[in-house]
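**Q** what's the 3D shape of this:
(one chain, ligands or ions: 1)
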Amino acid sequence: MSQVLVLVELAGGKPAESTRELLAAAAVLGEPAAVVASGSAKELAAELGRLGAETVYASSAEGADSLLVTPQVAALAAAVEAAQPSAVIVGSSPDSREAGARLAVRVGGAYQSDVIGLEADGTVAQQAFGGAFNITASAAKGIPVISLRSNSIDGAAAAASGTLVQLDVSGDTAPTTEIVSRHQQTAASERPSLKAANIVVSGGRGLGSKEKFVLVEELADLLGAALGASRAAVDAGYCEHNLQVGQTGTTVSPNLYIAVGISGAIQHLAGMQSSKTIVAINKDENSPIFDIADFGIVGDLFTVVPQFMDAVKARKNG
Ligand SMILES: Cc1cc2nc3c(=O)[nH]c(=O)nc-3n(C[C@H](O)[C@H](O)[C@H](O)COP(=O)(O)OP(=O)(O)OC[C@H]3O[C@@H](n4cnc5c(N)ncnc54)[C@H](O)[C@@H]3O)c2cc1C
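**A** I've put the predicted structure just below:
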């Protein structure tokens, strides 16, 4: 069985939450193998093995942690040469998408973005044109380089050996960009990350003010959900910009998406319509959000949400 490479993103020195799903996707297509561009791969190999990687390709080029994206591309390119894989899978963060696209150019591969499902024969389901179309596609030539959206694949890969293979990327002379300083743009949150969350609760302009937006935050916390927002809510200053869901914000695909006081403009739908179950709370029964909602509640959100929260609390306590 040919190998399928997975680019591992690191968060605090550990494999990011997305790694489990990416390796599960790789197992659908072949034998999962992880690619890590970091000096700490030795310590990570056992964990990546538990998550399903039979092989862990690691590069430890000088300064790998202080360069933008190019170390990941160099590691992937070297791993492609070593493994001759049948596919490469990356996540959907900006860095992973860029690394995947650059790799596809380098190796003459077929870059497939916004993938929301895949089959053992290499056919993938993709969203295109901001979610206006769902398409089924397969690579016509070259290695498929697949950028997979979070929460697209169920299950996990079987635990494997995580055998470490060191890559030599010293001959890689691609131009690089060095990171000279970092700063945390927003305060770190205890909530799950928007991209990987199982449940997302988003608030829109219907909340009316920053003070009242707290209601959506309370609902999110009660459900252990990530917090999201429409662009109108962000622009009005109800919450931070990094919470924006949509065409010009984050694309999410959780199992449950709850839209509170959001009308359902096409640009918002582009970022959330692949969610498995969509619940909408809106006082206007003609709001377009109800066209894609699985469950719609027509009513004033300031009445509905507290009732909803009371019901959840009662169920939790019962
Ligand atoms: C190039 C471009 C890119 C864009 N990108 C994005 C993007 O990434 N993400 C995004 O979200 N938008 C984006 N937009 C903006 C988008 O077009 C909409 O303007 C925006 O999504 C509207 O946000 P909203 O639904 O919160 O506000 P509104 O459209 O004003 O809707 C508010 C809703 O709240 C309801 N409501 C009001 N009060 C209550 C109440 N008390 N109880 C219940 N319901 C109530 C109303 O009935 C209404 O449906 C983009 C626009 C452009 C042009």
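
**Q** got the buried residues for stretch 272-287?
**A** 272-275, 278-282, 287 (16 or more other CB atoms under 10 Å). The C-beta positions use only the backbone N, C-alpha and C, and glycine is treated the same way.

**Q** in strands, which of those residues fall?
**A** With strands identified by DSSP state E, the entries of the buried residues of stretch 272-287 that belong to them are 278-282.

**Q** residue boundaries of the strands in the stretch 1-150 of the chain?
**A** Here the stretch 1-150 of the chain has its strands, by DSSP state E, counting those that start in this stretch, at 3-7, 10-11, 14-15, 31-37, 55-59, 87-90, 110-118, 124-128, 133-137, 144-148.

**Q** pull the last one out as CSV, backbone CA atoms only.
**A** Listed next in CSV are the C-alpha coordinates belonging to strand 144-148 (Å, rounded to 0.1, in the frame of the first residue of the first chain):
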residue,chain,number,x,y,z
PRO,A,144,-3.0,15.1,-5.2
VAL,A,145,-2.2,17.6,-2.5
ILE,A,146,-5.4,17.9,-0.5
SER,A,147,-6.3,20.6,2.0
LEU,A,148,-8.9,19.1,4.3
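
**Q** off-centre distance for it?
**A** Put simply, strand 144-148 sits 13 Å off its chain's centre (CA atoms, centre = their mean, to the nearest Å).

**Q** what lines up beside it in the sheet?
**A** strand 87-90 (parallel), strand 110-118 (parallel) (DSSP bridges).

**Q** ranking those by mean pLDDT, which is last?
**A** When those are ranked by mean pLDDT, strand 110-118 comes last with a mean of 95.

**Q** so can I have CSV of the strands of the stretch 1-150 of the chain showing mean neighbour count?
**A** Shown next, in CSV, are these (neighbours: other CB atoms under 10 Å):
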stretch, mean neighbour count
strand 3-7, 29
strand 10-11, 14
strand 14-15, 18
strand 31-37, 28
strand 55-59, 26
strand 87-90, 29
strand 110-118, 21
strand 124-128, 18
strand 133-137, 12
strand 144-148, 27
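
**Q** that older thread, dump the ones in strands among the buried residues of stretch 272-287 to TSV, plus distance to the ligand and pLDDT.
**A** Converted to TSV, these look like this (distance: CB to the nearest ligand atom, whole Å; pLDDT from 0 to 100):
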residue	distance to the ligand	pLDDT
Ile278	14	98
Val279	13	98
Ala280	9	98
Ile281	6	98
Asn282	4	98
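
**Q** got phi/psi on Val201?
**A** phi -110, psi 120 (degrees, to the nearest 10).

**Q** in this structure it contacts Leu219, no?
**A** Yes - counting by CB atoms under 8 Å, Leu219 is a contact partner of Val201 at 5.1 Å.

**Q** who's more crowded, those two?
**A** Val201 (27 against 23; other CB atoms under 10 Å).

**Q** report the beta-bridge partners for that one.
**A** Leu227, Ile258.

**Q** ok, now how distant is it from Ala265?
**A** Distance of Val201 to Ala265, computed by CB to CB, to the nearest Å: 18 Å.

**Q** got the strands paired with strand 144-148 as a markdown table, with distance to Ser161 columns?
**A** A markdown table is the format used below for these (distance: least, CB to CB, whole Å):
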| stretch | distance to Ser161 |
| --- | --- |
| strand 87-90 | 19 |
| strand 110-118 | 24 |
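
**Q** okay, now the domains of the chain?
**A** The chain breaks down into these domains under automatic domain parsing: 3-167, 199-317.

**Q** any idea how far the last one is from the middle of the chain?
**A** Computed by CA atoms, centre = their mean, the chain-centroid distance of domain 199-317 equals 19 Å.

**Q** now the longest one
**A** Here the centre of mass of C-alpha atoms in domain 3-167, compared against the chain's by CA atoms, centre = their mean, lies 12 Å away.

**Q** remind me what the longest helix along the chain packs against, helices and strands.
**A** Identified as the longest helix of the chain according to DSSP state H is helix 301-317. With contacts taken as 3 or more CB pairs under 8 Å, 6 or more residues apart in numbering; DSSP states H and E, helix 301-317 sits against helix 210-223, strand 277-282.

**Q** what comes into contact with whichever helix or strand comes after the last one?
**A** The first helix or strand that comes after strand 277-282 along the chain, using DSSP states H and E, is helix 289-292. By CB atoms under 8 Å, 6 or more residues apart in numbering, the surrounding residues in contact with helix 289-292 are 259, 262-264, 269, 273, 278, 280, 282, 296, 298.
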